[in-house]
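**Q** pasted the sequence and its predicted model underneath.
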Amino acid sequence: MPRFSLHPTTLVFALFFVLATSCSDVTEQRDEDVTVSPGVVFSRDGTRSDGFQTLAIDLANASARPVVVAQNVSRDKNNFVGDAFTVRDWCEKNGAIGGLNGGYFGVTYDEIGSRKQIVQLAVVNGKVVAPGSDTPSSRTPGERYLRSAIGFYADGTPEIAWATGTVKNVIRTYGSPTNPTQRKPWSRIRYAVACGPRLYAQGIRRITDKEERLVSPGNLIRAFVAYDTDASGKPVHFVMGRADSATYVEVA
């Protein structure tokens, strides 16, 4: 299964199992910001009851870079399946300083959970290890929908898009999550993993939980990623985090 996280030189996105933001003991310091490595700051406010915590990366100054990792990915009928570990295990295996679950909902393929389904798109080292595609709607005849993904270029620059990928390594982004037609190549993307729903598009709040078929109302455990940009549109900070109890609106 894929994962996303951070080494001293990398952030690993562990793609599939537990919702955890940091793989070290800095989580014990709940009421202050903790510099994990140059340009990387972990924050948790112990006065809040919702458990919001973040790991923020200054993209210009941090040596840490985000990656997506996966292991022993194979095809099983119509699904792609990979090895499953906890986020902490993924971090330790990859020398990462932090990690985040990017999958969670994949089907378990054995009794002990050592193999799990990779849901939709995953790109590792520039290769599509699990394809993603638009899906026919079961409730609206003629409608198709797709999921958003977080992608990273070789220098760690993030980009969020509605995206698909094929086993022939063709990766595309789209302007809409439903009945997508306007598409363009997602060229030079080095890592990506499907996630969602998207909460912002083009700098405007747009929560697409209904369009992406990811409605989950109420206060629940949430994991999230985000980035801000400068006046030219270049990403400045990348943030990954979690909340113990929040709605999509509160996360946004």
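**A** Received the coordinates, thanks.

**Q** just the pLDDT at the residue of the chain positioned farthest from its centre, thanks.
**A** The outermost residue of the chain, judged by C-alpha distance from the chain's mean C-alpha position using CA atoms, centre = their mean, is Pro141 at 29.8 Å. With respect to pLDDT, Pro141 scores 90.

**Q** could you tell me the phi and psi values at it?
**A** Backbone geometry at Pro141, expressed as degrees, to the nearest 10, gives phi -60, psi 130.

**Q** against Thr181, how distant is it?
**A** Distance, Pro141 to Thr181, using CB to CB, to the nearest Å: 18 Å. Placement of C-beta: from N, CA and C, glycine included.

**Q** swap in Glu143?
**A** Counting by CB to CB, the gap between Glu143 and Thr181 amounts to 13 Å.

**Q** those two: who's more crowded?
**A** Per other CB atoms under 10 Å, whichever of Glu143 and Thr181 has more neighbours is Glu143, with 14 against 7.

**Q** list the contacts for the more buried one?
**A** Residues counted as contacts of Glu143 (CB atoms under 8 Å, 6 or more residues apart in numbering) are Pro136, Ser137, Thr178, Asn179.

**Q** neighbours around the second one, how many?
**A** Each residue near Ser137 was counted by other CB under 10 Å, and the total is 14.

**Q** which pLDDT value goes with it?
**A** pLDDT, Ser137: 89.

**Q** got it, and the third one?
**A** The pLDDT attached to Thr178 in the predicted structure is 93.

**Q** and what of Ile112?
**A** According to the model's per-residue confidence, Ile112 sits at a pLDDT of 81.

**Q** and His237, by the same measure?
**A** Taken from the predicted model, the pLDDT recorded for His237 is 94.

**Q** before we move on, the earlier item: tell me how far the residue farthest from the centre of the chain lies from Tyr174.
**A** Note on Pro141: its distance to Tyr174, by CB to CB, is 21 Å.

**Q** following the biggest helix by length in the chain in sequence, what is the next regular element?
**A** Secondary structure assigned by DSSP state H gives helix 87-94 as the longest helix of the chain. On the C-terminal side of helix 87-94, the closest following helix or strand by DSSP states H and E is strand 98-100.

**Q** same for that next one, what does it pack against?
**A** For strand 98-100, the packing partners by 3 or more CB pairs under 8 Å, 6 or more residues apart in numbering; DSSP states H and E come out as strand 3-6, strand 11-14, helix 87-94, strand 235-246.

**Q** including distance to Ile189 and mean neighbour count, could these go into a markdown table?
**A** Converted to a markdown table, the helices and strands packed on strand 98-100 look like this (distance: least, CB to CB, whole Å; neighbours: other CB atoms under 10 Å):
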| stretch | distance to Ile189 | mean neighbour count |
| --- | --- | --- |
| strand 3-6 | 14 | 34 |
| strand 11-14 | 13 | 32 |
| helix 87-94 | 20 | 21 |
| strand 235-246 | 14 | 20 |
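
**Q** turn these into CSV, columns for distance to Arg65.
**A** Compiled in CSV, the helices and strands packed on strand 98-100 are given as follows (distance: least, CB to CB, whole Å):
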stretch, distance to Arg65
strand 3-6, 8
strand 11-14, 6
helix 87-94, 12
strand 235-246, 10
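
**Q** looking at these, which has the lowest confidence?
**A** Taking the mean pLDDT of these, strand 3-6 comes last: a mean of 46.

**Q** do a quick rundown of the strands in the stretch 101-250 of the chain.
**A** Assigned strands in the stretch 101-250 of the chain, in chain order: 115-118, 122-124, 127-130, 135-136, 144-145, 148-152, 158-165, 171-174, 183-185, 191-194, 200-201, 204-205, 220-229, 235-246 (criterion: DSSP state E, counting those that start in this stretch).

**Q** what's the most buried one of the ones you listed?
**A** Each of the strands of the stretch 101-250 of the chain was scored by mean neighbour count; the highest is strand 191-194, a mean of 29, by mean count of other CB atoms under 10 Å.
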